[in-house]
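# Provided below are the primary sequence and the corresponding predicted coordinates.
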Amino acid sequence: MKLHYREYGNPITGKPALVLLHGLFGSAINWHTIAKQLADEHHVVVPDLRNHGQSPHDDDVSYPSMAGDVLELLDELRIEQACLVGHSMGAKVAMCLALEHGERVAGLVSVDMAPVRYPDHFSEIFAALESLPLSDIEDRRQADELLADSLESPMLRGYLLQNLEKKDGRWRWRMNLPALSAGRQTLFDFPECGTQYLGPALFIYGGNSDYVKPEYSPAIHQYFPYARERAIAGAGHWVYAEQPDTFIDVLTGFFQQGTA
């Protein structure tokens, strides 16, 4: 599967390329601000993962398949090794790629995600998106008002509505909502792997988030024995958006030293 992607910076930097992977319901645009800041010293590649953004749709939402898509992109761009930075679902894609093809991964950064199964906290979101009467919507403002009946957070609604687009005079979801909904238990899980990634790894998480709990540390180090964990104060799940300056500092420190 050929993924749609954005490129930033100069491919000839003498450093491994950076590949930034978005989370569920996201797209490459989520990383735009961070990618621009990193582009001065790095070649940055930011794909839309399958079933998201402008990339192709497929019923298969498994992490090995998504990791395979990213590997195919690396081959297409002739990138021998890359540092992977993934947020949420994208972090699990990055972890899976590192575990299956560690020789292609120069470093791994997981943003607010651990290699564990998570409970389904998205039922309300899926229900709200699936019940939105797309044929009756006049504009995004109306869509936002309708979603507000069940989704209180304006930030969350704005994030989700980035996926709403008008084509041929009709509103539609840009993401593959049916496949994501049908496969969400796969997305909340993490595939069992009998391997380890022995390269440098950093698990960044929000100090106000509960996605990376102390009890998840054994699972992290089972797969990534050289992993370091770093909390960023004042941030929730969207660490890079809520504390961008601190996030950049921690990230660049890891790239420079392999530690943070």
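Looks like it arrived, so ask away.
# Could you use CA atoms for every contact and neighbour count after this?
Will do.
# in stretch 36-53, what counts as buried?
Across stretch 36-53, burial judged by 16 or more other CA atoms under 10 Å covers 38-39, 41-53.
# Check stretch 69-76 too.
Here stretch 69-76 shows 69-71, 73-74 as buried, counting by 16+ other CA under 10 Å.
# same thing with stretch 242-258?
242-243, 247-248, 250-252, 254-255, 258.
# F190 contacts V116, doesn't it?
Yes: using CA atoms under 8 Å, F190 makes contact with V116 at a distance of 5.5 Å.
# out of those two, which sits in the more crowded spot?
Neighbour totals were compared for F190 and V116, and F190 leads with 21 against 17 (other CA atoms under 10 Å).
# OK, contacts around the more buried one?
Applying CA atoms under 8 Å, 6 or more residues apart in numbering, we find F190 in contact with 63, 92, 115-117.
# Quick check: it vs Q243, distance?
For F190, the distance to Q243 equals 27 Å [CA to CA, to the nearest Å].
# Which member of the buried residues of stretch 36-53 is positioned nearest G86?
Here the nearest of the buried residues of stretch 36-53 to G86, counting by CA to CA, is V46; it sits at 10.2 Å.
# Closest one of the buried residues of stretch 69-76 to R184?
D69 (18.7 Å).
# Quick check: what element follows whichever strand or helix holds that closest one along the chain?
Using DSSP states H and E, D69 falls within helix 63-76. Past helix 63-76, further along toward the C-terminus, the next helix or strand under DSSP H and E is strand 82-87.
# following that next one, which helix or strand comes up?
As assigned by DSSP H and E, the chain's next helix or strand after strand 82-87 is helix 89-100.
# So what are the sheet partners of the helix or strand that that following helix is followed by and their directions?
Counting by DSSP H and E, the element after helix 89-100 in chain order, helix or strand, is strand 105-111. Within its sheet, strand 105-111 is paired with strand 82-87 (parallel), strand 201-206 (parallel), according to DSSP bridges.
# Centre of the chain to strand 105-111, how far?
12 Å (CA atoms, centre = their mean, to the nearest Å).
# quick check: angle from it to helix 89-100?
With axes from the mean of the first three to the mean of the last three CA atoms, to 10 degrees applied, the angle from strand 105-111 to helix 89-100 works out at 150 degrees.
# Kindly format the C-alpha coordinates of strand 105-111 as CSV.
The C-alpha trace of strand 105-111 is given here as CSV (Å, rounded to 0.1, in the frame of the first residue of the first chain):
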residue,chain,number,x,y,z
VAL,A,105,15.1,1.7,13.0
ALA,A,106,17.8,4.0,14.4
GLY,A,107,15.7,5.0,17.4
LEU,A,108,12.2,4.8,18.7
VAL,A,109,10.1,7.4,20.4
SER,A,110,6.6,6.5,21.7
VAL,A,111,4.4,9.4,22.7
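# what residues does it touch?
For strand 105-111, with CA under 8 Å, 6+ apart as the criterion, the contacting residues are 16, 81-88, 91-92, 94-95, 97-98, 199-205, 239, 255, 258.
# returning to what we had before: I'd like to know which of the contacts of F190 are buried.
Buried among these (16+ other CA under 10 Å): 63, 92, 115-116.
# Kindly indicate which of these lies nearest G194.
Nearest to G194 out of those is P115 (CA to CA; 12.9 Å).
# Any stretches of the stretch 1-150 of the chain with poor pLDDT?
Within the stretch 1-150 of the chain, not a single segment meets pLDDT under 70.
# one more time with 90, if that's ok
Under the criterion pLDDT under 90, the flagged ranges of the stretch 1-150 of the chain are 10-15, 41, 121.
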